[in-house]
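> Show me how the following folds:
(one chain, ligands or ions: 1)
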Amino acid sequence: MVKANENYLKLPGNYLFSTIGKKVKEYQEKNPDAKIIRLGIGDVTQPIAPAITDALHSAVDEMGSADTFKGYAPDLGYSFLREKISEMDFKQRGCDISPDEIFVSDGAKCDCSNIQEIFSLDNKVAVCDPVYPVYVDSNVMAGRTGIYDEIAQSYKDVIYMPCTADNDFVPELPIETPDLIYLCFPNNPTGAVIKKDQLQVWVDYANKNKAIILYDAAYEAYISEDDVPHSIYECDGAKTCAIEFRSFSKTAGFTGLRLGFTVIPKELEAGGVGLWSLWARRHGTKYNGAPYIVQKAGEAVYSEEGRKQIKSQIAYYMENARYIYDGLKAAGYDVSGGVNAPYIWLHTPDKMTSWEFFDYLLTGANVVGTPGSGFGPHGEHYFRLTAFGNRENTLEAIERIKKL
Ligand code: PLP
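Numbering: from 1, shown residues only. Presented below is the predicted three-dimensional model:
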């Protein structure tokens, strides 16, 4: 008799954003005149920049002509894009990453959830707490986490690394030694960053313990301070212990277009097995590449015009972040993040739980945010707001919150 993958049954309750969506829908139905402002889900609102839509249009025209039509893309992605990434994202920052160490994909979410497939089920996983849920859930589905403990709100076999105000939301080295370490900086949900010397400690630790760091740098483009690394490969020795994920979603508004990439250095090994060739094999077997037109759009992100335009979009969001941060501070909230990341992380007042604060904000100010407890037990009593709204809504939301 056929059996389902019962690991899926270990996933608790509702997905965070479906629960939020349901609550907001119910509230809107009861209060049809309420003008709800959504600063919850991390989706962008600015349209694709003109240099990028121009590239898309001309790529579409190429697809409509017999002599320029393109079918399946090369396994690792088109070299015109991988060469730009290698040069501008890595070599110009002093990181020796070659085009053939870059695997183009349709986004970071699928890569950072699929990557665990090339590792043994025996590996012990360490994650930050709070955490972007994809890292944990993908390991649950694979059967690497053990059962869920409802009371502790955590999986038995996962190492959770608390990220709290006391450690500036940067985890300390765990007591138990992990094999796979997920790190995400700038961080979703806390908006925290890791300094280069702090990241070097993790790289040295991973090399010493023969562990692999899975480094999610989806928000790299939001870094504004000098001593914050844009890539883990800025650290000495990272090529023997780290895989890096990048995304065009928040960098250039590609959440609906879909483009990202993963870097696996050729020398990276797990127990003597080269990981580049395992991922190449997986990519070739299970994936047929990001569309040509989207990869051409990605190339335009690196053009002079494209860079100028996305820089101004990021500046727009980061100005929103400053308004949120300053407004909340002025209203007496304890806030962090928002300087090198589009996320503002606030401590809920009066010992409210994250969900109590969600209801308080929804009903009192008609503003939607994300309860920190949805990202892990150490997210309890915290709340995430995003800077991805438009300016008018962002300012209005802050004014409403100030009046609560
Ligand atoms: N990684 C982090 C930390 C994210 O917050 C997100 C999106 O919210 C992603 C990855 C997913 O990026 P993509 O849209 O490229 O799949």
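> top helix in the protein by residue count?
helix 304-330 (DSSP state H).
> Point out the other helices and strands that it packs with.
helix 50-63, helix 249-252, helix 292-301, strand 334-337, strand 343-347, helix 391-403 (3 or more CB pairs under 8 Å, 6 or more residues apart in numbering; DSSP states H and E). All C-beta atoms are positioned from the backbone trio N, CA, C, and that covers glycine.
> can you give me the strands in the stretch 1-150 of the chain?
Here the stretch 1-150 of the chain has its strands, by DSSP state E, counting those that start in this stretch, at 37-38, 102-105, 125-129, 148-149.
> Between those strands, which one is closest to Asn167.
Closest to Asn167 of the strands of the stretch 1-150 of the chain, according to CB to CB: strand 125-129, at 10.4 Å.
> So in that sheet, which strands flank that closest one, and in what orientation?
Applying DSSP bridges to the sheet, strand 125-129 is found paired with strand 159-162 (parallel), strand 180-184 (parallel).
> which residues are contacting that strand?
For strand 125-129, contacts defined as CB atoms under 8 Å, 6 or more residues apart in numbering pick out 116, 135-136, 139, 144-145, 154, 157-163, 171, 174, 178-184, 187, 375-379.
> swap in stretch 233-243?
Residues outside stretch 233-243 that contact it (CB under 8 Å, 6+ apart): 90, 93-97, 115, 196, 199-200, 203-204, 206-207, 211-215, 229, 232, 244, 262-265, 267-269, 275.
> Try it again at 7 Å.
Residues from elsewhere that reach stretch 233-243, judged by CB atoms under 7 Å, 6 or more residues apart in numbering: 90, 93-95, 97, 115, 196, 199-200, 203-204, 206-207, 211-215, 229, 232, 244, 262-265, 267-268.
> CA atoms of that stretch as PDB?
The C-alpha trace of stretch 233-243 is given here as PDB (Å, rounded to 0.1, in the frame of the first residue of the first chain):
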ATOM      1  CA  TYR A 233      33.700  34.600   0.900                       C
ATOM      2  CA  GLU A 234      35.100  37.900   2.200                       C
ATOM      3  CA  CYS A 235      36.200  35.700   5.200                       C
ATOM      4  CA  ASP A 236      39.500  33.700   5.000                       C
ATOM      5  CA  GLY A 237      38.900  30.000   4.500                       C
ATOM      6  CA  ALA A 238      35.100  30.300   3.600                       C
ATOM      7  CA  LYS A 239      35.600  28.500   0.300                       C
ATOM      8  CA  THR A 240      36.300  25.300   2.200                       C
ATOM      9  CA  CYS A 241      33.200  25.600   4.500                       C
ATOM     10  CA  ALA A 242      30.500  27.700   3.000                       C
ATOM     11  CA  ILE A 243      27.700  27.700   0.400                       C
END
